[in-house]
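S.K.: Quick one, what's the 3D model for this:
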Amino acid sequence: MPKKILIAEDSPTMRSLIVSTMATMDDYSFVEAANGFEALRILPREKVDLVITDINMPDINGLELVSFIKNHPNYKNTPLFIISTEGSERDREKGLKLGADAYLVKPFSPDELQTLVRQYLG
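M.R.: Residues are numbered from 1 along each chain as shown. All right, here's what the predicted structure looks like:
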């Protein structure tokens, strides 16, 4: 059974880029959310193995989503990556302190993302 990755990103272009970056890798399927609110609605319905989120999204931003996931007993052990245009050290530290497992800055390297996915999902 393929491992499922939830991608929360408000830009359809960026969601497509993230999916296409990992589509060449075997055994992964994808669930896409256009914002943090939609991601929160998906989580109880779909068992996901990894969450990738942007920070700047309407409704619930990525940092709020990270906080919710990492403080929820059902999801706290789910690996979570942030991919954001927010590249300051302060933003990175804040995301990692909330519980994100990795923080990539756009434009990210496809190899870096693929390496991280393999590292966390095998």
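S.K.: for the chain, which residue is closest to the average position?
M.R.: The chain has residue 52 as the residue nearest its centroid, 0.7 Å off, counting by Cα atoms, centre = their mean.
S.K.: tell me the contacts of it?
M.R.: 5-9, 18, 80-83 (Cβ atoms under 8 Å, 6 or more residues apart in numbering). Backbone N, C-alpha and C define where each C-beta goes, glycine included.
S.K.: need the strands for this structure, in chain order.
M.R.: With DSSP state E as the criterion, the chain has strands at 3-8, 28-33, 50-53, 80-84, 102-105.
S.K.: Would you format the ones you listed as JSON lines with mean pLDDT and distance to residue 115 included?
M.R.: Putting the strands of the chain into JSON lines (pLDDT from 0 to 100; distance: least, Cβ to Cβ, whole Å) gives the following:
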{"stretch": "strand 3-8", "mean pLDDT": "97", "distance to residue 115": "15"}
{"stretch": "strand 28-33", "mean pLDDT": "96", "distance to residue 115": "14"}
{"stretch": "strand 50-53", "mean pLDDT": "98", "distance to residue 115": "13"}
{"stretch": "strand 80-84", "mean pLDDT": "96", "distance to residue 115": "11"}
{"stretch": "strand 102-105", "mean pLDDT": "96", "distance to residue 115": "10"}
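S.K.: Neighbours of residue 9, how many?
M.R.: Neighbours of residue 9 under the rule other Cβ atoms under 10 Å: 25.
S.K.: And for residue 100?
M.R.: As a burial measure, residue 100 scores 27 neighbours (other Cβ under 10 Å).
S.K.: so which of the contacts of residue 52 is the most crowded?
M.R.: Counting neighbours by other Cβ under 10 Å, residue 8 leads the contacts of residue 52 with 31 neighbours.
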